[in-house]
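**Student:** got a predicted structure plus its sequence, pasted below:
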Amino acid sequence: MQIIAYNPGLTGDTGLMGKQTKMMKAFVKLLRPIFRFASRFNPVFYMNTAKHSGEVLANLALGKIKLPAGKNYASLVRGRITFPKPGLLVHDENLKQELWLMSAKMVNLPPEIIL
């Protein structure tokens, strides 16, 4: 089994921002071209759509997007899939264990299950 970490990047039209009013949705729509322009100078401002981010996630999960050898982290940058080197914390065994235990608890999975 392969485990893949995925970063969809900034995605403005999702429920992650909580319940949005019509005004908030219009505001996000208005900001999209501004963020697209700003992303020319700093890719962190590129705003993906939920549809595109979800399609990439589905393609990763279904194996339609193949990760390069030795990679397990995929990230959308300016709408394109990249495979950056993750930070040093990914090698911390204590943090890995803590993340697994917290994740298992959130989905009511017995923590003793080992992948």
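**Tutor:** Yep, it's here. Numbers count the residues shown, from 1 in each chain.

**Student:** other SSEs contacting the longest strand belonging to the chain?
**Tutor:** Taking DSSP state E as the criterion, the chain has its longest strand at strand 73-77. Applying 3 or more Cβ pairs under 8 Å, 6 or more residues apart in numbering; DSSP states H and E, we find strand 73-77 packed against strand 5-7, helix 50-61, strand 80-82. Every C-beta, even on glycine, is put in place using the N, C-alpha and C of the backbone.

**Student:** would you map the helices across this structure?
**Tutor:** Remark: helices assigned in the chain by DSSP state H are 22-38, 50-61, 93-106.

**Student:** picking that back up, could you give the angle of the longest strand of the chain to helix 50-61?
**Tutor:** 160 degrees (axes from the mean of the first three to the mean of the last three Cα atoms, to 10 degrees).

**Student:** which residues touch strand 73-77?
**Tutor:** 4-9, 43, 46, 48, 52-53, 56, 60, 65, 67, 81-86, 90 (Cβ atoms under 8 Å, 6 or more residues apart in numbering).

**Student:** the same query, at a cut-off of 6 Å, please.
**Tutor:** 5-9, 43, 48, 60, 81-84, 86 (Cβ atoms under 6 Å, 6 or more residues apart in numbering).

**Student:** re earlier: pick the most buried one from the helices of the chain.
**Tutor:** Among the helices of the chain, ranked by average contacts under mean count of other Cβ atoms under 10 Å, first place goes to helix 50-61 (a mean of 15).
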